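**Student:** from the sequence below, what's the structure:
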Amino acid sequence: MITGARGGLGGAIALALAKRGHDLVLNDLDMSRDLFALAADLRTFGGRVEIMPQDIGQVQQLPGYVAEVVARMGGLDVLVNNAGVSVLSRGDLLDVTPESFDRCIAVNMRAQFFLTQAVARHMLAAPAARRRTIITVTSVAVDQIIGKVLAEYSISKAGLAHMVQHFAARLAPENIDCFEIRPGMMQTEMTSTSREKYDRLIAEGFVPAGRWGSLDEIGKVIATMASGEFSYAVGQAIHIDGGMRFKTF
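**Tutor:** Numbers count the residues shown, from 1 in each chain. Next up is the predicted model:
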């Protein structure tokens, strides 16, 4: 199951998993033409693809939603926590509103905690022959990079990173792997309003790789991690950031 599947990153993750032979549940807020088109494309790889909308911010509904996913699909072996929101308005830390702060915490951290909890409970109740995997997408901005205009977003992602470590420690003995992906500069809907600024930073050497990251690079890493072949890499965070976190001289 991939949350936030309608967006560019969600679609890239779904594509990489479909190519590896996974059956998929595409989660987003509601049905949309984009989701139907994505599902049609993914089915050409031979796997089963279901669209199952759910607002993961409605945390009381998540146990029932996960039960519905399991009933429809016959099981759930991989969760990709990809859904997320940005700030309501980019600006000074001193101007952050309670509405923007609460929204980031509610979707980027609270919702993903309780969805992960519901999925983990299912996995523990239904042992499987293969290792299961929970992968959470955070950001390069959780510790090494401090943004001047995205405080509430970065704070919510930092909490999410810590969440991964807690679930990893709890679930590793149960053959359930928990990993974190920290993307750098990716061309997504979320970064579209700051494209010019980021282009300039890249040109100035802020990213050692010298370019934007491509969404398929994240998808490929997630699909590899979902294979169950990294069982001793408990709670690892993988940076897909072109070296953005480095301080170079």
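**Student:** all strands of the chain, in order?
**Tutor:** 24-26, 49-51, 78-81, 132-137, 176-183, 237-240 (DSSP state E).
**Student:** where does the protein dip in pLDDT?
**Tutor:** Within the chain, the segments meeting pLDDT under 70 span 190.
**Student:** now with 90, please.
**Tutor:** For the chain, the stretches with pLDDT under 90 are 7, 90-91, 127-130, 141-150, 185-198, 201, 206, 244-249.
**Student:** circling back: columns distance to Asp199 on top of the strands of the chain, output as JSON lines?
**Tutor:** C-betas here are computed from N, CA, C, even on glycine. Putting the strands of the chain into JSON lines (distance: least, Cβ to Cβ, whole Å) gives the following:
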{"stretch": "strand 24-26", "distance to Asp199": "31"}
{"stretch": "strand 49-51", "distance to Asp199": "35"}
{"stretch": "strand 78-81", "distance to Asp199": "29"}
{"stretch": "strand 132-137", "distance to Asp199": "23"}
{"stretch": "strand 176-183", "distance to Asp199": "17"}
{"stretch": "strand 237-240", "distance to Asp199": "19"}
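**Student:** what's the closest of those to Gly8?
**Tutor:** Of all the strands of the chain, strand 176-183 sits nearest to Gly8, with 11.5 Å by Cβ to Cβ.
**Student:** how about that closest one: buried residues?
**Tutor:** Neighbour counts over strand 176-183 (16 or more other Cβ atoms under 10 Å) mark 176-183 as buried.
**Student:** with respect to burial, which of the strands of the chain scores highest?
**Tutor:** Of the strands of the chain, the one with the most neighbours on average (mean count of other Cβ atoms under 10 Å) is strand 78-81, at a mean of 28.
**Student:** give me the contacts around it.
**Tutor:** 1-3, 13, 17, 22, 112, 115-116, 119, 132-137, 160, 222, 226 (Cβ atoms under 8 Å, 6 or more residues apart in numbering).
**Student:** got the CA coordinates for it in PDB?
**Tutor:** Extracted in PDB, the C-alpha atoms of strand 78-81 (Å, rounded to 0.1, in the frame of the first residue of the first chain):
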ATOM      1  CA  VAL A  78       4.500  -3.600   2.500                       C
ATOM      2  CA  LEU A  79       3.500  -0.100   3.600                       C
ATOM      3  CA  VAL A  80       5.000   3.000   2.000                       C
ATOM      4  CA  ASN A  81       4.200   6.100   4.100                       C
END
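**Student:** what's in contact with the top helix by length along the chain?
**Tutor:** Across the chain, the longest stretch assigned as helix under DSSP state H is helix 151-171. Residues from elsewhere that reach helix 151-171, judged by Cβ under 8 Å, 6+ apart: 81, 84-87, 93, 96, 100-101, 104-105, 107-109, 112-113, 116, 120, 123, 134, 136, 138-139, 141-143, 146-147, 177-180, 182, 234-235, 237.
**Student:** ok, now stretch 58-66?
**Tutor:** Here stretch 58-66 makes contact (Cβ under 8 Å, 6+ apart) with 52, 54-56, 76, 110-111, 114-115, 117-119, 121-122.
**Student:** again, 10 Å this time
**Tutor:** Identification of contacts with stretch 58-66 by Cβ atoms under 10 Å, 6 or more residues apart in numbering yields 1, 27, 52-56, 68, 76, 79, 106, 110-123.
**Student:** which of those are buried?
**Tutor:** By neighbour count, with 16+ other Cβ under 10 Å, the contacts of stretch 58-66 hold 1, 27, 52, 54-56, 76, 79, 110-120, 122-123 as buried.
**Student:** got the contact list for the residue nearest to Ile13 when sequence neighbours are not counted?
**Tutor:** Distances taken as Cβ to Cβ, 6 or more residues apart in numbering put Gly219 closest to Ile13, at 4.7 Å, once the chain neighbours are dropped. Contacts for Gly219 were tallied using Cβ under 10 Å, 6+ apart; they are 2, 9-19, 80.
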